[in-house]
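J.: task: produce atomic coordinates for the following.
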Amino acid sequence: MRLCLWPALAGLLLTLVNASTLTPPVLPLIVRNPYLSFWLAHSRDAPWENWPMFWTGSTVGFAVMAALPDNKTIYPLLGRSQDFLGHSSSYNVSFPQYHGVTFDASTTNLTYAIPDSDVRITLSFLSPITPTSTFRQSLPAGYLTCIVDGSTDVSFYIDINGEWVSGNRDNKIEWELKRTEKSNSAKTPIKTWSITRRHEELLTEFFDHSEWGTIHISAPADVEHGSGESKYIRRQFAEHGSLKNKIDNSYRGIFEDEPIFGFSKTFKLREKSKNSHGTARDSVIFTFALTQDPVVQFASARGLTLMRPLWASYFTTAHEMLQYHYDDYETAVYLASNYSEQLAKDAYASGSQDYQDIAALSARQVLGATQFSGTRHSPIIFLKEISSNGNFQTVDVIFPAFPFFLYTNPQWLAYLLEPLLEHQLSGQYPNDYSMHDLGFHFPNATGHNDGQDEYMPVEECGDMLIMGLALVNAFRDNTQPAFVRIAPEEALPLNLEPTELSPLVDTYGMDLTWEDMGTTGGKAAVKWVKRSYKLWEKWTGYLVRESLIPAHQLCTDDFAGWLANQTNLALKGIIGIKAMSEIANVVGKEADSVWYSKVADKYIDKWQGFGLSKDKTHAKLAYTWHGSWTTLYNLFADALLCFHLPGDTSSSLGSSRFWDSEQQPLADETTTKPKSAFIPDQIYRMQSDWYHAVLQRYGLPLDSRHLYTKSDWEFFAAAVTSKKVRTEILQHVATWINETVTDRPLTDLYETEGEGGFPGPNFMARPVVGGHFAFLALERACGGRASEGLKFLDEMAPLDIDVEQALMTDVTENQAEVGEL
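T.: Residues are numbered from 1 along each chain as shown. Below is the predicted model of the structure:
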């Protein structure tokens, strides 16, 4: 049975009911991948005061205007089109009343009222997140819907320029307009502007913009179109209220008599309103897409391979994909609205209205770093380390992002890890620890066959093992996306022969469940681990040798510099060893499991002696750095991996979730004799109290060296604190979002005092904000039991700690001591 869909526009407008409470400095407009990533700059200002921007901050030509023929007035809505209109006796230029912006996980809505009229306009930008349709998530395209209410005729205009297709403004571009006719495969005839560089440079970037591929902007076939010099085209609309269906075929440079590509439409609301005895409503949909083929090159098991986009497995041409995407609007709205609404409910229940907004604000940014590739039989996801250095498939960038994937769709995490596993299983990486990344710069995953990638061995091994067990647990718990799985009646079938269909999706592009595929999550987990077991074994061996007392090296916070004996890093490595004991159990490696568990238990006892202050008020930054402290964000993994469940006296996973009818325990209690919890309650309570004591205006500093913080780690840390401390941290981060002077897509590295600005380096738009989903991932983990194991934290109010005194005490008590290091 398929679902009947409510009117799509009503679903979009639902986001206007509960206004967003936060006022971030920048908001997503069309954000789908590292190169189709366009944002509302200075979003606290009126949208016509600035041009929209690429995620780097470079502006792009993107103008939206409205006109009222009755008063011959032009109203800029988005972008600085007023700079091109000048003075004319044919029209006036004025500005609308701006009613502000609202957003959810997939949508950003800008709302306006035209003065001295009843006209209301909404610009609704949709980059749909569709966790139960990987196929739809792979489409490199987004929507803009213009919704107009009133009783007066309104003309609408939109244009883009060549900055959408190249970061180098000196480049020459070419363009064409293509039309489709109504047919069985084209429900709504469309016309599409397609713009590309004259001489593409395959798999290259210019200041992070792609220098290959084609930008498309599509509209219904009945709208007017026009291309030409920017001032001329915009004034043409201002004077006539429409474009003239003329095409300038003089190909040239991006700013050589700046060519723009526009559409216009007139809404005949006067006649409609008479028939409805009030105001009338009308709308028009535009789509924006970036098609690239190939999307990356990847040193796969078969060698360096040009990887095609995933959508190319479903469509033979780009224009087939564009047409399907346009016609699929109602289904995209339905799936995206379902995700946004469920996320809002879950986030509100887990935190507050502020947390609801923070999660919504973060979602598109995470996926804006991804590129879906592979085939419909074997999808994979590539990821760019946005802004920090551009590395390809960086392990310690996937790690902070992975709570988003655990919550949204754990299978996507498997698709993310697959390129790393395939490359290293093929023997192309020489070191005995996990690689840091697949290539120095996206989109080129050429590997590091010399082993000279960034040196973070304990970090990357721990990250992989923690994510590996988290994914295995999600598979075995059948933690599939908790969102609608049935396509609505309006969904379009894929234009594929039955023999061409993927074993992973149904006829309507919806992901199949394990049961649909004739298997179980438990079987899938066993298969996944068996294939790559030698890697997990090798990485754990490294951690056994190197994680208890980490040598001089970097951790993921590499901007803070090299440091030996890092307490938080050692904890990650030890939890990684503990994770391996469970991974070994999955495939029946009983002896391995017992041995790794014993090592981890031994190490965690020693770690407490090395890493905690003498008075046991806090964890030190490094074992021998007395008088220091650190945010112990890796403690999150202990709870997430089910090592801290309530009443846990047998397996760390609990009998109700670890063993199923096809898998029996490999060892009884008398053999393993596990502790009731891997990491004692007191460590959790100690850190929760400490965070309460060191909290600053805009959040929890990373450690005692600086007042800057990382927002992803704040949420990892807050997830395993008391409700009171979690709420405090959340409120301080929300205050920062409202007040920060940063002017780029949400940064994860910022100052907790002053103006909340960039501390240098300037991080922006990074996918690590997936860490903001830590609360949600934890509550879904362990069959919903992970959070129960932390209830003890709420039994007492946070202690009042004199931070300065505690740090001084740690220094003085260790001055005469010779440590065992």
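J.: got the contact list for E422?
T.: Under the criterion of C-beta atoms under 8 Å, 6 or more residues apart in numbering, the contact partners of E422 comprise S300, A301. (Glycine included, C-beta is placed from N, CA and C.)
J.: for it, give its distance to L304.
T.: 13 Å (C-beta to C-beta, to the nearest Å).
J.: next one: L420
T.: In this structure, L420 lies at 16 Å from L304, with C-beta to C-beta as the measure.
J.: between the two, which one's more packed in?
T.: Neighbours of L420 and L304, each counted by other C-beta atoms under 10 Å, are more numerous for L420; the result is 24 against 12.
J.: which ones are touching the closest residue to the more buried one other than its chain neighbours?
T.: With C-beta to C-beta, 6 or more residues apart in numbering as the measure, Q393 is the residue that lies nearest to L420, at 5.9 Å, once sequence neighbours are left out. With C-beta under 8 Å, 6+ apart as the criterion, the residues that contact Q393 are F382, L383, L416, P419, L420, D437, L438, G439, A445.
J.: which stretch of helix or strand covers the fifth one?
T.: The one in question is L420. L420 belongs to helix 410-425 when elements are defined using DSSP states H and E.
J.: could you check how far that helix is from the centre of its chain?
T.: Taking C-alpha atoms, centre = their mean, to the nearest Å, one finds the center of helix 410-425 at 17 Å from the center of the full chain.
J.: in the stretch 351-500 of the chain, which spans are helices?
T.: Defined through DSSP state H, counting those that start in this stretch, the helices belonging to the stretch 351-500 of the chain, from first to last, are 353-367, 395-408, 410-425, 457-476.
J.: which residues are contacting stretch 75-83?
T.: So stretch 75-83 is in contact with 40, 47-52, 61-68, 93-96, 110, 112, 114, 121, 123, 234, going by C-beta under 8 Å, 6+ apart.
J.: can you give me the mean pLDDT across it?
T.: Mean pLDDT, stretch 75-83: 98.
J.: next one: stretch 799-818
T.: For stretch 799-818, mean pLDDT is 86.
J.: show me the shaky parts of the stretch 601-750 of the chain.
T.: Using pLDDT under 70 as the threshold, the predicted model of the stretch 601-750 of the chain has low-confidence ranges 647-676.
J.: equivalent analysis for the stretch 451-600 of the chain, please.
T.: Filtered on pLDDT under 70, the stretch 451-600 of the chain yields the residue ranges 480-481.
J.: so N449 is in contact with G427, correct?
T.: No: contact status for N449 versus G427: not in contact, 9.4 Å apart, counting by C-beta atoms under 8 Å.
J.: pick out whichever of these two has more residues nearby.
T.: Per other C-beta under 10 Å, whichever of N449 and G427 has more neighbours is N449, with 12 against 9.
J.: so what's the more buried one up against?
T.: Under the criterion of C-beta under 8 Å, 6+ apart, the contact list for N449 reads Q428, Y429, P430.
J.: buried among these? Make that a PyMOL selection.
T.: Selection command for PyMOL covering only the buried members of these, criterion 16 or more other C-beta atoms under 10 Å:
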select buried, resi 428+429
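J.: report the beta-bridge partners for Q297.
T.: Q297 has the following beta-bridge partners by DSSP bridges: L306, N444.
J.: surely it meets F442?
T.: No: the pair Q297 / F442 is not scored as a contact, 10.4 Å apart, by C-beta under 8 Å.
J.: among these two, which residue is more densely surrounded?
T.: Between Q297 and F442, counted using other C-beta under 10 Å, the more crowded position is F442 (28 against 18).
J.: nearest spatial neighbour of that one, chain-adjacent residues omitted?
T.: Spatial nearest neighbour of F442, excluding adjacent residues (C-beta to C-beta, 6+ apart): K384 at 3.8 Å.
J.: measure that neighbour to Y324 for me?
T.: Taking C-beta to C-beta as the criterion, K384 is separated from Y324 by 26 Å.
J.: from the contacts of N449, which single one is nearest K182?
T.: The shortest approach to K182 among those belongs to Q428, at 50.0 Å (C-beta to C-beta).
J.: which helices and strands does the longest strand anywhere in the chain pack with?
T.: If each strand of the chain is counted by residues according to DSSP state E, the longest one is strand 280-291. When contacts are defined as 3 or more C-beta pairs under 8 Å, 6 or more residues apart in numbering; DSSP states H and E, strand 280-291 packs onto strand 141-150, strand 154-161, strand 214-220, strand 259-267, helix 269-276, helix 318-327.
J.: S283: which of the ones you listed is closest?
T.: From the helices and strands packed on strand 280-291, taking C-beta to C-beta, the stretch that ends up closest is strand 141-150, at 4.6 Å.
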